[in-house]
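Undergrad: Quick one: sequence plus predicted model below, questions after.
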Amino acid sequence: MISIENLLTWLIALQTTYLENKQYLTDLDAAIGDADHGINMERGFTAVKQKIEATDHNDVGSLLKITAMTLISTVGGASGPLYGTFFLRASTACARKTTLTNAELVNMFDVGLQGVVQRGKARLADKTMIDALTPALEAMTQALENGASLTNILQAGTDAAEHGMQQTIPMLAKKGRASYLGERSIGHQDPGATSSYLMLKTALDVWGNEET
Amino acid sequence: MISIENLLTWLIALQTTYLENKQYLTDLDAAIGDADHGINMERGFTAVKQKIEATDHNDVGSLLKITAMTLISTVGGASGPLYGTFFLRASTACARKTTLTNAELVNMFDVGLQGVVQRGKARLADKTMIDALTPALEAMTQALENGASLTNILQAGTDAAEHGMQQTIPMLAKKGRASYLGERSIGHQDPGATSSYLMLKTALDVWGNEET
Amino acid sequence: MKKLINDTADVVSEALVGIGAAHADLLRVDLDKKTIMRADGPIQGKVALISGGGSGHEPMHGGYVGMGMLDAACAGEVFTSPTPDQMEAATKAVDGGAGVLHIVKNYTGDVMNFEMGAELCQAEGIAVEAVVINDDVAVQDSLYTAGRRGVGTTVLAEKLCGAAAERGDDLQAVANLCRKVNDQGRSMGMALTSCTVPAAGKPTFELGPNEMEIGIGIHGEPGRERMELKSAREIVAMMSEAILSDLPFESGDQVIALVNGMGGTPLIELYLIYNELNQICQARGITIARQLVGNYITSLEMAGFSITLLRADEEMLVLWDAPVHTPALRWGV
Amino acid sequence: MKKLINDTADVVSEALVGIGAAHADLLRVDLDKKTIMRADGPIQGKVALISGGGSGHEPMHGGYVGMGMLDAACAGEVFTSPTPDQMEAATKAVDGGAGVLHIVKNYTGDVMNFEMGAELCQAEGIAVEAVVINDDVAVQDSLYTAGRRGVGTTVLAEKLCGAAAERGDDLQAVANLCRKVNDQGRSMGMALTSCTVPAAGKPTFELGPNEMEIGIGIHGEPGRERMELKSAREIVAMMSEAILSDLPFESGDQVIALVNGMGGTPLIELYLIYNELNQICQARGITIARQLVGNYITSLEMAGFSITLLRADEEMLVLWDAPVHTPALRWGV
Ligand SMILES: Nc1ncnc2c1ncn2[C@@H]1O[C@H](COP(=O)(O)OP(=O)(O)O)[C@@H](O)[C@H]1O
Ligand SMILES: Nc1ncnc2c1ncn2[C@@H]1O[C@H](COP(=O)(O)OP(=O)(O)O)[C@@H](O)[C@H]1O
Ligand SMILES: [Mg+2]
Ligand SMILES: [Mg+2]
Ligand SMILES: [Mg+2]
Ligand SMILES: [Mg+2]
């Protein structure tokens, strides 16, 4: 069972994650983009942290909606609307909930991913964040169906996201800024796939111990 | 006796001198000026060479006047009017002459130097070309009075110019672009004093063997 | 990183305050929404024009706000698209009842953020049209990719559509003109040096002492090809060939030409480049009817330039010549 | 050296052809004498204004030729004064019978070459007045030295005197106004990077990754002091203190302010700097009545900026607002 507190812990931990990986993500973006992805993510989640720490929360849906709106209005770029849409859709899937079961958690991620796909219109192997998120969702869904524990579900998702992220290296970018590079986009890891992997990895780190 | 041919040889040799020392003079100017003195001198004397090689000459005065007008209209900057005035005044001292005695040669340099002083209004130790030219003139005049040979006169002038040039190193610039540096002009050799030294050195090199 | 700034986090807002103070007669700045607006807006009955994008391309877009051009410009962080709430606020602020045109450069971020901003306004009944500019021939166009970037044609579109709105054209007409300008405009850029995003603190890419990038974007994105530095003549020939053959431009065409500096290129070089471009056009029977030479859509301190050519009909020339009064472009007033 | 040029020897002439082609409606270029002239000159009965200097400071001076400003600009090699024969030819070409004012920046070379050019014209009976601009507070003034350099105030003097000539002031009056502008204008510059003279092929000086030069000239001359890079706030405070205390400017003064980029500084930084300057002036009770923010008197691709303040009376403001139509400054027409 994921409580609102658990969600808060995760969202706040994401700020630390993106702060620590600001340079790493920005360097990845410098190679095939415009050198701001880490800056964007850190700015967004620092704002989220400030916002959600300032008030009390008793509804997962509205917590995620605040997160979404804050990301939308502070990140900008491509990742702002995409992660913003992710959390906005996720929030609708969690409206008026105070806790989430494993199934509801996986569903939340799934609905969020659908939002990203709709907003960005990227397809698998276009070298974007969905190349990390899609296999992660498949793995988590599979683990859930197998009755795995939360830790194992998140472990499966994180591993798949990491693998998906690595798989972006040989890809030729078709969407986002990296697509302008054509052939030269090959050989570089996608920054957005990396930030998506880090999102799951952080969930695993903060929730992995607290068994449901 | 300096013939028109001797003068032509000198003026043409100056082109080689400033071409070979283009970088050196420009580097000196970079330290305390605007990094163009070598470029300016080379451009000017390349134009002079083209101009004077294109016609026959039978009057020292008009040869020097052509040199002056060419320098004035191609060099620009501070050194253009200064060296231009040098040769313009020198030309008036040699009007309708076909040869120059040692005395006439020294007088030519002297009249030229007076022109530089009038045009530039610099005083000794202001860290300019006159810090090379003035001691050179004194040494040449002295040598002439002592009845020295042309080679020895030029050797005396060249040595004094070289010494004067080196003496500009510790000077604080009061005129020209280097003066903007104030104290920071100290410790650098003046580019114009250097090009003046090279002018005498070239005369020594081309005339030093041809005794009068 | 050497920059004339205070805190990297404050660069955009402090520059916004500066532009507002320097052009108080023309502009009003909403610091909260990082938006520059015409001081005399909203203009009742006039179609309003909004553009925006990441900062670091100055004078674009804030320098083009004013009579005869934009009604508002939304500023994002450096090289980062502004956010939907900015576009929403700007759209509401400038709407004079005749609808609002969003001029959007084709970058995934810009397109999505403007889209979300427009959705918010349309939900409240404001008529919003969006035109996406995608004129960069350095990028291969395709239905299955993000497509071509929006670069120099954006400036020309803002001028021409601003004039059309000023004379009273309705939203559809202004939007159609914008699409036509986009259809007939082509650009390409190159760089001698990278630029440094203030918050990143180091150059986006590194170029060797004898290298250049051809087909560069305006956000320090690497270009399509890195090659040995060539003469201006060869570079302009290469770039104009790519531009001219793309539309294609043909003998007899009249064009508006923009020779644009990326921010760190001296004007003396831009005029030298214009000379090369002009000769190439003349040789092909193409007449440069109007031109801009200078820094109009920049990438911070990047050294490099871009060329934009727009095939212009008589109507476009009339709109070009119409009065404009903004910080960066001014004539006829 | 990475530059967008062909042969280093041709940079100035090719740029001149470019500026002539880009502004054929305004300008006529004499390539032989490397001079840019008003296409509609000489204007009979109007005092003519000529300026000039080394190239590499674009848009100065060629970009200021046109109605309401200069009648001609003589271009030297990069950072090298033009020659007397150029000034002679230009003076003769633009004289409309009311005499010619030479606006000369105080550099030994410029002063001597203009002097010789003026002497040649005066010998032929043309009335020539020369005013030497020396507004750079970074240089100590003294009777026994070359004195202060001429920098940003030159641009303001050309605008104001051009307007005075246009309204019919006679040569003495225009020259006196020019002296007054020079007396009341003060400037100072700084650099983050050196520039590279094309023919020299390498940077004039080297600055460490965390160093800046304060009191820089516009020819890549090193400044008076090298120091660690500071924030824009501290730099502007330091430079405005030097400027304000020199005249001195006082509470109640109205000024025309120029925040000028040296060629490689992005506009976003210049606006940020303007904000700092504006705050300092406000705190001192000094009103910035008019302003320019941009690249107006540059040093090739140097990164850095200069500030110019001119104490302006009402007449100067009227002259400032008067119509001007040149490649670089245009309003009221
Ligand atoms: N159409 C898209 N669909 C999904 N993800 C995308 C799309 N376009 C870009 N991205 C993701 O966004 C990331 C870049 O984000 P960011 O650098 O913050 O934005 P920007 O490219 O505007 O600077 C890319 O690495 C990619 O993963
Ligand atoms: N007033 C002056 N009198 C004599 N020589 C001068 C004067 N001003 C400058 N010079 C000389 O000119 C030299 C610089 O010449 P150059 O670099 O060609 O001109 P610029 O300074 O205009 O670039 C200085 O090194 C100095 O010797
Ligand atoms: Mg990015
Ligand atoms: Mg020099
Ligand atoms: Mg970005
Ligand atoms: Mg010089």
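TA: That came through fine. Ligands and ions are numbered 1, 2, ... in the order given.

Undergrad: pLDDT wise, what is residue 39 at?
TA: This is for chain A. For A:I39, the model assigns a pLDDT of 92.

Undergrad: wait, I meant chain C there
TA: 98.

Undergrad: which ones are touching it?
TA: C:24-28 (Cβ atoms under 8 Å, 6 or more residues apart in numbering or on different chains). (C-beta placed from N, C-alpha, C; glycine too.)

Undergrad: can you give me the helices in chain A?
TA: With DSSP state H as the criterion, chain A has helices at A:4-20, A:22-32, A:37-53, A:60-74, A:79-93, A:102-120, A:130-145, A:150-167, A:191-207.

Undergrad: typo on my end, it should be chain C
TA: All helices of chain C, identified by DSSP H, fall at C:11-22, C:84-94, C:108-122, C:153-166, C:171-184, C:232-244, C:267-283, C:314-321.

Undergrad: Any chance of TSV for these, columns mean neighbour count?
TA: Shown next, in TSV, are the helices of chain C (neighbours: other Cβ atoms under 10 Å in any protein chain shown):
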stretch	mean neighbour count
helix C:11-22	24
helix C:84-94	24
helix C:108-122	23
helix C:153-166	27
helix C:171-184	20
helix C:232-244	20
helix C:267-283	23
helix C:314-321	16
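
Undergrad: Any chance of these in JSON lines with mean pLDDT and distance to C:S142 as columns?
TA: Converted to JSON lines, the helices of chain C look like this (pLDDT from 0 to 100; distance: least, Cβ to Cβ, whole Å):
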{"stretch": "helix C:11-22", "mean pLDDT": "98", "distance to C:S142": "33"}
{"stretch": "helix C:84-94", "mean pLDDT": "97", "distance to C:S142": "27"}
{"stretch": "helix C:108-122", "mean pLDDT": "95", "distance to C:S142": "14"}
{"stretch": "helix C:153-166", "mean pLDDT": "98", "distance to C:S142": "19"}
{"stretch": "helix C:171-184", "mean pLDDT": "98", "distance to C:S142": "17"}
{"stretch": "helix C:232-244", "mean pLDDT": "98", "distance to C:S142": "17"}
{"stretch": "helix C:267-283", "mean pLDDT": "98", "distance to C:S142": "28"}
{"stretch": "helix C:314-321", "mean pLDDT": "98", "distance to C:S142": "28"}
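
Undergrad: Indicate which one of those is closest to ligand 6.
TA: Closest to ligand 6 of the helices of chain C is helix C:267-283 (Cβ to the ion; 15.5 Å).

Undergrad: Does chain D have contacts with that closest one?
TA: Yes. Against chain D, helix C:267-283 shows contacts by Cβ under 8 Å from any Cβ of the partner chain at C:267-275, C:278.

Undergrad: what does stretch C:56-72 give?
TA: Yes. Interface with chain D: stretch C:56-72 contributes C:56, C:58-59, C:63 (Cβ under 8 Å from any Cβ).

Undergrad: Now which of those residues would you call buried?
TA: By neighbour count, with 16 or more other Cβ atoms under 10 Å in any protein chain shown, these hold C:56, C:58-59, C:63 as buried.
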